[in-house]
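Student: let's see this in three dimensions:
(4 chains)
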There are 2 protein chains.
Amino acid sequence: MSEVTDQPEKDGSERAIRADAQRNEDLLLAVAREVFATKGVDTPVREIAAKAGVGVGTLYRRFPRRSDLVTAVFRHEVDACAAAARTLAAEYPPTEALARWLRRYTEFLAAKKGLAAALHSGDPAYAALPDYFRANFEPALARLLQASAATGATRTDIAAYDLLRAIGNLSVSSGPDAADHTARMVELLIDGLRQR
Amino acid sequence: MSEVTDQPEKDGSERAIRADAQRNEDLLLAVAREVFATKGVDTPVREIAAKAGVGVGTLYRRFPRRSDLVTAVFRHEVDACAAAARTLAAEYPPTEALARWLRRYTEFLAAKKGLAAALHSGDPAYAALPDYFRANFEPALARLLQASAATGATRTDIAAYDLLRAIGNLSVSSGPDAADHTARMVELLIDGLRQR
DNA sequence: TCATATACGGAACGCTGTTCCGTTTATCAA
DNA sequence: TTGATAAACGGAACAGCGTTCCGTATATGA
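Tutor: Below is the predicted model of the structure:
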């Protein structure tokens, strides 16, 4: 308690992160993303560690709680989807970029089915995710909407957040042809954005 | 496999259920309801069995899966709340009965916070509950609405299911004064039902 | 090349839900 | 009232989970 730690601690980074550690972290994230999408977010950590070829100790060194791994994967995918907005905006005309991103966003939601329950489950470990979600997606979509509206091709009176929520709600439909149904409804929504 | 069972099996009920077994079942349900409301639906079965003064074997004889106990409690409470509709209809004038039951229904929802996550969690064990919920509450509320509307005091253009859902949605608000807020919004809704 | 902080693997721990089985007891015919 | 018996009981034991611990291995910078 009264002892002083004997670490250098000159400035902040005492030593660079070891290369193998960084490699394992990346590997674990990749494996976890794959496994969460395939078998759901309830997949045991042991299985993920084994698939990555590391021990559970290694996994826990990087992700002290199981939820840390889940949130890390979630953030990664939010980042990827938000980044797609910029890519699409650069590669396609505004209205086409908007439509393509909304489809991309629908795919993102479909892959997050398992998480939905955890998210509003009251577990404080996931409390920060909705904010992260909105903080990244709202500006991304707002830019696409504005660029498209500026060409006169689409409406100007739709708020980015409302559209995000609407597609989110459409994505919760269940049943055998749920994916099809959602996709069709989203296309309808996209059509609805066009200016008459 | 090829052996024939040697039980009598004349008609269906070979022997009446033992009195102690029935007592334990009732006791377990009562304890589970109390514990689920207090500490949440994730409370370990061991704790419930201990609080009821029985072994886990006894609990599992009656409720082969944990989810069976949860659904049994849920059905019990749905039944109780639906029955309250009949009681209130008999004790109060129609519009008063309607208002009182909507408050009672709000309380029911408040106690079910923990379950919400489990319900739309995709777990097939709980798949039948939403149907049970609707099958009991919709007719109950429809009768109250109709009786009240018949006096001319309240609107006639509100569907029971819509009202159930609306209050359900109002009940998901969180925060420190969530219960207060929900109660106030429900009162607003009740006022809105009155005919001008 | 070597000392050492860092990272590693996997056994072990504690807590779940669930099963199993030897013991107890309510029930019913005599 | 009294046995015989099916039914029910209690709780130890099992399997699977998240998480911790620690002896061993290794990347790193002097």
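
Student: if I pick the residue most central in space within chain A, what's in contact with it?
Tutor: For chain A, the residue lying nearest the average C-alpha position, counting by C-alpha atoms, centre = their mean, turns out to be residue A:78 (2.5 Å). Applying C-beta atoms under 8 Å, 6 or more residues apart in numbering or on different chains, we find residue A:78 in contact with A:108, A:132, A:133, A:136, A:137. C-beta here means a position set from N, CA and C on the backbone, and glycine is covered the same way.

Student: could you measure from the fourth one over to residue B:18?
Tutor: Just to be clear, that refers to residue A:136. 60 Å (C-beta to C-beta, to the nearest Å).

Student: residue A:72 is in contact with residue A:33, isn't it?
Tutor: No - here residue A:72 does not reach residue A:33: they are 9.4 Å apart, not a contact under C-beta atoms under 8 Å.

Student: number of nearby residues for the residue in chain A that DNA strand C sits nearest to?
Tutor: Nearest residue of chain A to DNA strand C, counting by C-beta to the nearest atom of the strand: residue A:57, 1.9 Å away. Residues lying near residue A:57 (other C-beta atoms under 10 Å in any protein chain shown) number 8.

Student: can you check the pLDDT for it?
Tutor: Residue A:57 carries a pLDDT value of 97.

Student: just residue A:118 next, same as before
Tutor: Reading off the confidence values, residue A:118 has pLDDT 82.

Student: right, and it touches residue A:127 too?
Tutor: No - if you go by C-beta under 8 Å, residue A:118 and residue A:127 don't touch, sitting 11.0 Å apart.

Student: more crowded one of these two?
Tutor: residue A:118 (21 against 10).

Student: without its sequence neighbours, what residue ends up closest to that one?
Tutor: residue A:126 (5.6 Å; C-beta to C-beta, 6 or more residues apart in numbering or on different chains).

Student: and that neighbour, how far is that from residue A:56?
Tutor: 22 Å.

Student: these two: which has the busier surroundings?
Tutor: With neighbours defined as other C-beta under 10 Å, residue A:126 and residue A:56 compare such that residue A:126 has more, 17 against 13.

Student: tell me the contacts of the more buried one?
Tutor: Taking C-beta under 8 Å, 6+ apart as the test, what residue A:126 contacts is A:67, A:70, A:71, A:118, A:119.

Student: same thing with residue A:189?
Tutor: The contact partners of residue A:189, by C-beta under 8 Å, 6+ apart, come to A:102, A:163, A:166, A:167, A:170.

Student: buried by neighbour count, from the residues you listed: which ones?
Tutor: When these are checked for burial by 16 or more other C-beta atoms under 10 Å in any protein chain shown, the buried set is A:102, A:163, A:167, A:170.

Student: tell me the SS of the closest residue to the last one other than its chain neighbours?
Tutor: Looking back up the chat, that one is residue A:170. Excluding the flanking residues, the one nearest residue A:170 by C-beta to C-beta, 6+ apart is residue A:185, at 4.8 Å. Secondary structure, DSSP: H, G, I helix; E, B strand; the rest coil: residue A:185 is helix.

Student: how close does residue A:185 sit to residue A:167?
Tutor: Relative to residue A:167, and taking C-beta to C-beta, residue A:185 is found at 9 Å.

Student: C-terminal to the longest helix seen in chain A, what's the next element?
Tutor: Ordering each helix of chain A by length in residues (DSSP state H) puts helix A:66-91 first. Using DSSP states H and E, the helix or strand that follows helix A:66-91 in sequence is helix A:94-111.

Student: so what does that next one touch, helix or strand wise?
Tutor: If you count contacts as 3 or more C-beta pairs under 8 Å, 6 or more residues apart in numbering or on different chains; DSSP states H and E, helix A:94-111 packs onto helix A:66-91, helix A:129-150, helix A:160-170, helix A:178-193.

Student: name the residues of the longest one that are buried.
Tutor: In this case it means helix A:66-91. A:66-67, A:69-75, A:77-78, A:81-82, A:84-85, A:88-89.

Student: and what of the last one?
Tutor: When burial is assessed from 16+ other C-beta under 10 Å, helix A:178-193 yields the following buried residues: A:182, A:183, A:185, A:186, A:189, A:190, A:193.

Student: closest one of those residues to residue B:154?
Tutor: Nearest to residue B:154 out of the buried residues of helix A:178-193 is residue A:185 (C-beta to C-beta; 34.6 Å).

Student: near the residue lying closest to residue A:92 once chain neighbours are set aside, how many other residues are there?
Tutor: Nearest residue to residue A:92 in three dimensions, chain neighbours excluded: residue A:100, at 6.3 Å (C-beta to C-beta, 6+ apart). A count of nearby residues for residue A:100, using other C-beta under 10 Å, gives 19.

Student: my read: residue A:100 touches residue A:88, true?
Tutor: Yes - in this structure residue A:100 lies within contact range of residue A:88 using C-beta under 8 Å: 5.2 Å.

Student: domain parsing for chain A?
Tutor: Domain ranges of chain A: A:16-64, A:66-193, per automatic domain parsing.

Student: can you redo the ones you listed as TSV with distance to DNA strand D?
Tutor: Converted to TSV, these look like this (distance: least, C-beta to the nearest atom of the strand, whole Å):
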stretch	distance to DNA strand D
domain A:16-64	3
domain A:66-193	3
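
Student: for residue B:48, find the nearest of the ones you listed.
Tutor: It is, among the domains of chain A and with distance given as C-beta to C-beta, domain A:66-193, at 20.6 Å.

Student: quick one: end-to-end length of stretch A:38-51, please.
Tutor: Chord length of stretch A:38-51, first to last residue, is 13 Å (C-alpha to C-alpha, to the nearest Å).

Student: ok, the closest residue to residue A:54 other than its chain neighbours - contacts?
Tutor: Closest residue to residue A:54 apart from its sequence neighbours, by C-beta to C-beta, 6+ apart: residue A:24 at 5.6 Å. Residue A:24 makes contact with A:52, A:54, A:58, A:62 under the criterion C-beta under 8 Å, 6+ apart.

Student: now residue A:24: which helix or strand?
Tutor: Going by DSSP H and E, residue A:24 is in helix A:19-39.
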